[in-house]
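**Student:** sequence plus the predicted model coming up.
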Amino acid sequence: MDIDEVADELYGLDPADFVAVRKERAAQAKADGSRELAREIGLLRKPTLVGWAVNVLARESADDVASLLEVGDALREAQNALSADQLRALDKQRQQVLRGLTKRTASLAADRGQVLSENASREVGQTLGAAMADPDFGEQVRLGRVVAAVHHAGFGSGGEEVFGRGSLRVIEGGASKKAKPDVEELRGLLRKALAEAQTALDEAVDDVEQADEALDDVIRRRVECEERIDELRSELSETEAELQSAKRGEESAKKARTQADRDRSSARAAVEKVRAQLDAL
């Protein structure tokens, strides 16, 4: 088991199963003695609805996604060559491909019981557009490992870690320059130094293990918070869209109410008029 295998499995799951399976795989890695792999698994974030939908598209329509990325490559080449005709033709093709794949994504999501709102569908299109613009993010989309909607994607170079190495220096003193060293005494000093160093190493190992466990807990809490933020952002976006729809509905209802009042007044006046005519007879 490695991080790629786990990522492929997790991002192919229904979002509702993601967290439970991630915990299982992290626990399995830790039980196998792969603490670093367990940490990497814990860092894998649960995808939002949009991220999940794009991942479904990547798995179910791999050829279409490959064509999408090829159009993106062609667009970048045309931009570098400053070919206006190619740019116009490719941009038209880009828009057609994006519209088609956005509809395809919504259809695949619906087949799995998830309905993409107008706003979510728009974010799917923006995410696919970002994949065309950025080859690194395009590779993420191709692999089906998108976490959330992306408008612009870009990745810098990785950082470097430098580890310093200390040295243990045993200093001898008190002997004459011409005197020969006492071998047994030297061995005793070295044994004592070795025992002290071993004790320090054991304590350091314990400290590292405790720090690893604390780090794992903090990372897990941080990832859970990030996932919750993603969920809340998605819910906020959906709620804002519903709010706008409700406002439009409210305006229509107010107009209908005003018209109904007018119709009622007209009907009442007609009734009074007919009633007066009857009374006159």
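**Tutor:** Sure thing, it's come through. Being a predicted model, the structure only gives us computed values, none of them experimental. Numbers count the residues shown, from 1 in each chain.

**Student:** can you give me the pLDDT of the residue of the chain positioned farthest from its centre?
**Tutor:** Largest separation from the mean C-alpha position in the chain: Leu281, at 81.6 Å (CA atoms, centre = their mean). According to the prediction, Leu281 has pLDDT 75.

**Student:** please report how far it lies from Arg275.
**Tutor:** 11 Å (CB to CB, to the nearest Å). In this view, the C-beta of every residue, glycine as well, is placed from N, C-alpha and C.

**Student:** now do the one helix or strand Asp91 maps to, average pLDDT.
**Tutor:** Using DSSP states H and E, Asp91 sits within helix 84-111. The average pLDDT for helix 84-111 rounds to 83.

**Student:** name the next helix or strand following that helix along the chain.
**Tutor:** Following helix 84-111 in sequence, per DSSP H and E, is helix 118-133.

**Student:** who does that following helix touch, helix- and strand-wise?
**Tutor:** Helices and strands touching helix 118-133, as assessed by 3 or more CB pairs under 8 Å, 6 or more residues apart in numbering; DSSP states H and E, comprise helix 49-60, helix 62-81, helix 84-111, helix 135-143, helix 183-280.

**Student:** from the chain's centroid, how far away is the fourth one?
**Tutor:** Between the centre of helix 135-143 and the centre of its host chain there is 13 Å, according to CA atoms, centre = their mean, to the nearest Å.

**Student:** likewise stretch 130-138?
**Tutor:** 15 Å.

**Student:** that stretch spans what distance, first to last residue?
**Tutor:** End-to-end distance for stretch 130-138, by CA to CA, to the nearest Å: 7 Å.

**Student:** what residues of it count as buried?
**Tutor:** For stretch 130-138, burial by neighbour count (16 or more other CB atoms under 10 Å) applies to 130-134, 137-138.

**Student:** can you check stretch 101-110 too?
**Tutor:** Residues 101-102, 104-106, 108-109 are the ones in stretch 101-110 that count as buried (16+ other CB under 10 Å).

**Student:** could you identify the most distant pair in those residues?
**Tutor:** Greatest spacing in those, by CB to CB: Leu101 and Ala109 (12.4 Å).

**Student:** picking that back up, out of the helices and strands packed on helix 118-133, deepest packed?
**Tutor:** Most buried of these, by mean neighbour count (mean count of other CB atoms under 10 Å): helix 49-60, with a mean of 24.

**Student:** what is that helix packed up against?
**Tutor:** Contact here means 3+ CB pairs under 8 Å, 6+ apart; on that basis helix 49-60 packs against helix 62-81, helix 84-111, helix 118-133, helix 135-143.

**Student:** how about 6 Å then?
**Tutor:** Using 3 or more CB pairs under 6 Å, 6 or more residues apart in numbering; DSSP states H and E, the elements in contact with helix 49-60 are helix 84-111, helix 118-133.

**Student:** now for the longest one, which elements pack on it?
**Tutor:** Same thing as helix 84-111. Looks like helix 84-111 contacts helix 49-60, helix 62-81, helix 118-133 (3+ CB pairs under 6 Å, 6+ apart).

**Student:** direction-wise, compare that helix with helix 118-133 and give the angle.
**Tutor:** Computed with axes from the mean of the first three to the mean of the last three CA atoms, to 10 degrees, the direction of helix 84-111 lies at 130 degrees from that of helix 118-133.

**Student:** chain center to helix 84-111, what's the gap?
**Tutor:** Using CA atoms, centre = their mean, the offset of helix 84-111 from its chain centre is 23 Å.

**Student:** and for the shortest one?
**Tutor:** In terms of CA atoms, centre = their mean, the gap separating the centre of helix 118-133 from the centre of its chain is 14 Å.
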